[in-house]
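J.: Okay, sequence plus prediction incoming.
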Amino acid sequence: MKPAQRMQPTLPPIIQEKCNSFIEHFNIENVDEFPRKLTNTGNWKETEEELVQITEEILDILYMFLALHSQSDYIAVI
């Protein structure tokens, strides 16, 4: 197995179950609702608190990435 193939994560079983459940219960009659549900009204669907939480999670990940990256640069210089 190639290294790139070994690095591919597997989906947790709960995610696989949710996807399978979606496929099993998908109702083709609901297809007409999709355009209405996917139309951008210009309003956030999340509350302000949810947006703050999501933003903090994204920035935390970015911060961790930058911290790890700068540490590896420091180690490479030494």
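T.: Yep, it's here. Numbering: from 1, shown residues only.
J.: Below-threshold pLDDT in this structure: ranges please.
T.: 1, 3-8, 27-28, 30-31, 33-34, 36-38, 70-78 (pLDDT under 70).
J.: what's the longest helix seen in the chain packed up against?
T.: Assignment by DSSP state H gives helix 48-77 as the longest helix of the chain. Packing partners of helix 48-77 (3 or more Cβ pairs under 8 Å, 6 or more residues apart in numbering; DSSP states H and E): none among the helices and strands. (C-beta placed from N, C-alpha, C; glycine too.)
J.: how about that helix: buried residues?
T.: The neighbour-count check on helix 48-77 (16 or more other Cβ atoms under 10 Å) flags nothing as buried.
J.: Tell me the secondary structure at the residue lying closest to C19 once chain neighbours are set aside.
T.: In space, and not counting its chain neighbours, C19 is closest to L11: 7.9 Å by Cβ to Cβ, 6 or more residues apart in numbering. Under DSSP: H, G, I helix; E, B strand; the rest coil, L11 falls in the coil class.
J.: Sounds good, over and out.
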